[in-house]
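Visitor: take a look and give me a structure for this.
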Amino acid sequence: HRNISLTAITVTGEEAVICQFITPQKPPDFSYATISTTTSEDGVVQLSEFPNESRRALAHFVSLVPFIEDCMIFDGKMDVWTSSSDLLYLRAGDWEEHAILLCNYFLYL
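Guide: Below is the predicted model:
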């Protein structure tokens, strides 16, 4: 038998339905960046032209956000959920924040 929670405690201490955290979110502007690939003639492509490369770049971007347990950020509180915007503002988060940010970016694509 497994207990599944449909809500999470937010930064403000309120209870929120988990699906409220999932929403398409515009990713950072990677128009200045390029990714090397073997499929293009010059070896460089714009991210928007290749969805798989965009996903890889976004996964890499999210992986660069430092991982820190909630109890380290929120003064001993366990399992506090933050929005993607809060994660980027705090510049750190744990499992669910990273997963939600990546999910929201993918939903936007």
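Visitor: strands along the chain, start to end?
Guide: Secondary structure of the chain by DSSP state E: the strands cover 7-10, 15-17, 34-36, 44-46, 80-81.
Visitor: got the contact list for residue 105?
Guide: Applying C-beta atoms under 8 Å, 6 or more residues apart in numbering to residue 105 gives the contacts 25, 27, 58, 62. Placement of C-beta: from N, CA and C, glycine included.
Visitor: what stretches of the chain score poorly on pLDDT?
Guide: Applying pLDDT under 70 to the chain flags the ranges 30-52.
Visitor: can you give me the helices in it?
Guide: Per DSSP state H, the chain carries helices over the ranges 51-63, 70-73, 84-90, 95-108.
Visitor: next, the residue lying closest to residue 66 once chain neighbours are set aside: phi, psi?
Guide: Closest residue to residue 66 apart from its sequence neighbours, by C-beta to C-beta, 6 or more residues apart in numbering: residue 92 at 4.5 Å. Residue 92 adopts backbone torsions of phi -170, psi 160, taken as degrees, to the nearest 10.
Visitor: reformat the contacts of residue 105 as CSV; add distance to residue 86 and neighbour count.
Guide: Output for the contacts of residue 105, formatted as CSV (distance: C-beta to C-beta, whole Å; neighbours: other C-beta atoms under 10 Å):
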residue, distance to residue 86, neighbour count
25, 12, 18
27, 17, 20
58, 18, 21
62, 14, 22
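Visitor: tabulate the residues you listed (a markdown table), appending distance to residue 73.
Guide: Shown next, in a markdown table, are the contacts of residue 105 (distance: C-beta to C-beta, whole Å):
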| residue | distance to residue 73 |
| --- | --- |
| 25 | 20 |
| 27 | 23 |
| 58 | 23 |
| 62 | 17 |
